[in-house]
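Peer 1: any chance you could fold what I've pasted below:
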Amino acid sequence: MSLKIYLKEKLWPFLAGMGSAAIMVLAFFIPSLQDQYDRYQSRKIINKYELLGNDFSDEERYDMAEQAYQKAFELSDSKRLDLEIKRLEAKINRINMNPQWGAAPPEGLEEIDFQYVLHLQKEAGDSKKRVAALNSYGIFLVDSKKVKEAETAFKEAMALDSSDVLAYVNLGNLYDQQGKKIQAMQYYLKAITRDNDNGRAHYNLGLLYVEQGKAEEAKKEFSEAIRADSSDADAKAQYEMLIKPSDH
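Peer 2: Residues are numbered from 1 along each chain as shown. Here you go, the predicted structure:
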């Protein structure tokens with residue numbers, strides 16, 4: 001047997017063995033690579049839902065934000081706590097979607113949702129988000145007839161951020177609801193001092209002036225409310241009533 005034939009006979013089983021080994025290696029790595037690619041694609045989708053939720057939150061469309069975060073959380077196999085926190089923050093802030101004071105809270109919203117979010121925010125030291133959560137919690141407590149607890153929530157929000165206008169308006173509303181008109185007026189004026197473009201503060205102050213028979217002061221506040229928000233139908237209606245010629 002020639003050396004050439006001998007080498008071919010020896011080489012072929014070796015190459016065949018190498019081929020089998022390569023196939024086994026590929027068989028091991030291909031699913032792994034596919035899994036990595038799938039996880040990469042999944043992360044992209046999760047991130048897109050999270051960004052969508054962020055956008056909805058910025059636009060104060062909290063119902064849509066909650067759904068987006070919920071979808072992202074589910075796609076992450078319920079492992080990303082940060083997404084669940086964002087979802088709950090969106091859920092509790094849904095209460096602000098109806099600006100009507102004293103409106104019923106959104107369906108499915110419970111006090112434990114607020115407590116959970118506030119607890120996590122306190123641990124994280126996130127004062128800005130905590131202020132927003134406290135305002136939402138206060139409104140929820142008002143709707144639940146827990147007036148003292150609501151007052152405490154609004155005052156805590158002010159203590160965390162004295163420039164937060166919403167807390168002043170909310171506390172003014174609470175005092176107005178209790179018949180404490182002087183305190184209510186004080187807090188509306190404090191809100192306006194901090195942000196003269198806050199239409200709700202001007203509008204609510206205008207209503208107080210109407211109750212006191214101060215038509216000129218009320219007209220001024222309703223006019224300011226319209227300036228701050230040209231789509232404020234309530235302020236426009238009140239203003240038009242005041243400038244309407246008397247039948248007498």
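Peer 1: what sits against the spatially most central residue of the chain?
Peer 2: Residue closest to the mean C-alpha point of the chain, counted by C-alpha atoms, centre = their mean, is Ala90 at 3.6 Å. Contacts of Ala90 were listed using C-beta atoms under 8 Å, 6 or more residues apart in numbering, and they are Gly53, Phe56, Ser57, Tyr62, Asp63, Ala65, Glu66, Tyr69. Backbone N, C-alpha and C define where each C-beta goes, glycine included.
Peer 1: that one: which element?
Peer 2: Ala90 belongs to helix 81-93 when assigned by DSSP states H and E.
Peer 1: moving C-terminal of that helix, what's the next helix or strand?
Peer 2: Per DSSP H and E, the helix or strand that comes after helix 81-93 is helix 111-124.
Peer 1: let me see the mean pLDDT of the helix or strand just after that next one.
Peer 2: For helix 111-124, the following helix or strand on the C-terminal side (DSSP H and E) is helix 127-143. Across helix 127-143, pLDDT averages out at 92.
Peer 1: other SSEs contacting the helix or strand just after helix 127-143?
Peer 2: The first helix or strand that comes after helix 127-143 along the chain, using DSSP H and E, is helix 147-160. If contacts are counted by 3 or more C-beta pairs under 8 Å, 6 or more residues apart in numbering; DSSP states H and E, helix 147-160 sits against helix 127-143, helix 165-177.
Peer 1: what do you get if the cut-off is 10 Å, keeping everything else the same?
Peer 2: The elements that helix 147-160 packs onto, with contact taken as 3 or more C-beta pairs under 10 Å, 6 or more residues apart in numbering; DSSP states H and E, are helix 111-124, helix 127-143, helix 165-177, helix 181-194.
Peer 1: just the CA trace of the last one, in PDB.
Peer 2: The C-alpha coordinates for helix 181-194 follow below in PDB (Å, rounded to 0.1, in the frame of the first residue of the first chain):
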ATOM      1  CA  LYS A 181     -63.200  80.000  52.900                       C
ATOM      2  CA  ILE A 182     -60.400  82.200  54.300                       C
ATOM      3  CA  GLN A 183     -57.900  79.400  54.400                       C
ATOM      4  CA  ALA A 184     -59.000  78.300  50.900                       C
ATOM      5  CA  MET A 185     -58.400  81.800  49.500                       C
ATOM      6  CA  GLN A 186     -55.000  82.000  51.200                       C
ATOM      7  CA  TYR A 187     -53.800  78.800  49.500                       C
ATOM      8  CA  TYR A 188     -55.200  79.800  46.100                       C
ATOM      9  CA  LEU A 189     -53.300  83.000  46.400                       C
ATOM     10  CA  LYS A 190     -50.100  81.200  47.500                       C
ATOM     11  CA  ALA A 191     -50.500  78.900  44.400                       C
ATOM     12  CA  ILE A 192     -50.900  82.000  42.100                       C
ATOM     13  CA  THR A 193     -47.800  83.600  43.700                       C
ATOM     14  CA  ARG A 194     -45.800  80.600  42.800                       C
END
